[in-house]
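Participant: how does the following fold in three dimensions:
(one chain, ligands or ions: 1)
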Amino acid sequence: VRRRVGGAPIDGRTAVITGAASGIGQAMARRLAAHGCPLALADVDAAGVRATAASLGAGAPVLARAVDVGDRDAVRAFAADVVAWAPAPLGMVFNNAGVTALQRVADGAPEDDDWVMDTNFRGVSAGVRAFLPTLLAQRSGVVVNMSSVFGLVGVAHQSAYSASKFAVRGYTDALRQELRGTGVRAVVVHPGAVRTAIVRNARASAGEQAAAAAARSFERWARLTPERAARHIHAGVVRGRSRILVGADAVALDVLARVAPARASDVLAAALRAAR
Ligand SMILES: NC(=O)c1ccc[n+]([C@@H]2O[C@H](COP(=O)([O-])OP(=O)(O)OC[C@H]3O[C@@H](n4cnc5c(N)ncnc54)[C@H](O)[C@@H]3O)[C@@H](O)[C@H]2O)c1
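Facilitator: Below you'll find the model as predicted:
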């Protein structure tokens, strides 16, 4: 369902991006800089976020901060800095930072579940809460929350990741309803496999063999570049989409989850096995 909602422009407005040191967040920073957006970038990787900022060239106004999105106080402090600095009204708040853990439910590390939920779900809710007052006061702007295809279909060995991405989807759908009539929009993004560092950076208590197998199938599967993913997300937001599927695999899994919800995880597991 590609519901279109009218909204304020993105280009030329201040954009906030979490997880901007790498992958999709970094590609989005470069893309929005090229579209005239002042950028407020956050990442737990301090050197990485500084490097992204430096790569944008001298012309782009940029604020780069080391922020752990799992730390609500740090996200609130970041938002206060951004609002004081922003040379243009806020256009997009991209809650993108994310991590995964490769493990079995039966013998995985519970603290890895917490790490994934703290980053992927609590990080999103902290980002939304920190910037919403400003967006509501402006009566414009778009909150873009990063889910995944694994927020449409659960996947073996990434139970916490799937749970966190289903949570982002539900949270964003609920938020969208609450924002009706405010001028502020909420968008959820479900990418398929994108060639980034996410699996390389995973915590892997499933053991080295399982982690290597997961990395292998991801490398084979992930054909889409972060730049193409960023282009697709940017275009979807500008067009007023409320739900953005990124990649042919995301479109296919979305259909599968609707027509055969009870079988969707089996089909996905078979496809991942075949990709190894
Ligand atoms: N790559 C894919 O195939 C894919 C598919 C679907 C969804 N996603 C989602 O896209 C988002 C971006 O991931 P990516 O693929 O670009 O991976 P990536 O690993 O290249 O980038 C993720 C960035 O988030 C940062 N980060 C991690 N924990 C953080 C924290 N606590 N606070 C602040 N920053 C933190 C990392 O340092 C890194 O720079 C994630 O939410 C991921 O779940 C990725």
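Participant: any chance you could list what contacts stretch 161-168?
Facilitator: Here stretch 161-168 makes contact (CB atoms under 8 Å, 6 or more residues apart in numbering) with 98, 100-101, 113, 116-117, 119-121, 124, 145-148, 150-151, 153-155, 188. In this view, the C-beta of every residue, glycine as well, is placed from N, C-alpha and C.
Participant: for this protein, where's the lowest mean pLDDT among helices and strands?
Facilitator: Within the chain, confidence by mean pLDDT, DSSP states H and E is lowest for helix 208-221 among all helices and strands, at a mean of 79.
Participant: gap between the following helix or strand past that helix and the chain center?
Facilitator: Note on helix 208-221: by DSSP states H and E, the next helix or strand toward the C-terminus is helix 226-238. How far helix 226-238 lies from its chain's middle: 12 Å, per CA atoms, centre = their mean, to the nearest Å.
Participant: just the buried ones from the contacts of stretch 161-168?
Facilitator: 98, 100-101, 113, 116-117, 119-121, 124, 145-148, 150-151, 153-155, 188 (16 or more other CB atoms under 10 Å).
Participant: what about the residues you listed, which are in strands?
Facilitator: Taking DSSP state E as the definition of strands, these contribute Asn145, Met146, Val188.
Participant: bridging residues for the first one?
Facilitator: Looking back up the chat, that one is Asn145. With DSSP bridges as the criterion, Asn145 is bridged to Asn95, Val188.
Participant: looking at the ones in strands among the buried ones among the contacts of stretch 161-168, spot the one nearest Thr196.
Facilitator: Met146 (11.8 Å; CB to CB).
Participant: phi, psi for the nearest residue to the closest one once chain neighbours are set aside please.
Facilitator: Among residues not flanking Met146 along the chain, Asn96 sits closest, at 4.6 Å (CB to CB, 6 or more residues apart in numbering). Main-chain dihedrals, Asn96, degrees, to the nearest 10: phi -110, psi -20.
Participant: what's the local residue count around Asp266?
Facilitator: 12 (other CB atoms under 10 Å).
Participant: repeat for Val238
Facilitator: The criterion is other CB under 10 Å. On that basis, Val238 has 16 neighbouring residues.
Participant: from the ligand, how far out is it?
Facilitator: Counting by CB to the nearest ligand atom, to the nearest Å, the gap between Val238 and the ligand amounts to 19 Å.
Participant: got it, and Leu102?
Facilitator: Relative to the ligand, Leu102 is positioned 13 Å away (CB to the nearest ligand atom).
Participant: what sits against that residue?
Facilitator: Residues near Leu102 by CB under 8 Å, 6+ apart: His157, Gln158, Val199, Ala202, Arg203, Ala204, Ser205, Ala206, Ala210, Ala211, Ala214.
Participant: same check, this time on Ala15
Facilitator: Ala15 sits in contact with Met28, Ala29, Leu32, Cys37, Pro38, Leu39, Ala40, Leu90, Gly91, Met92, Val93, Phe94, where contact means CB under 8 Å, 6+ apart.
Participant: one step back: now, the buried ones among the contacts of stretch 161-168 that are in helices?
Facilitator: Asp113, Val116, Met117, Val124 (DSSP state H).
Participant: is the third one in contact with Ser125, as I believe?
Facilitator: No. Using CB atoms under 8 Å, Met117 makes no contact with Ser125, being 10.6 Å away.
Participant: could you tell me which residues within the helix or strand where Thr172 lies count as buried?
Facilitator: Using DSSP H and E, Thr172 maps to helix 159-178. Applying a neighbour-count criterion of 16+ other CB under 10 Å, one finds 159-169, 171-172, 175-176 buried in helix 159-178.
Participant: no further queries at this time; thank you.
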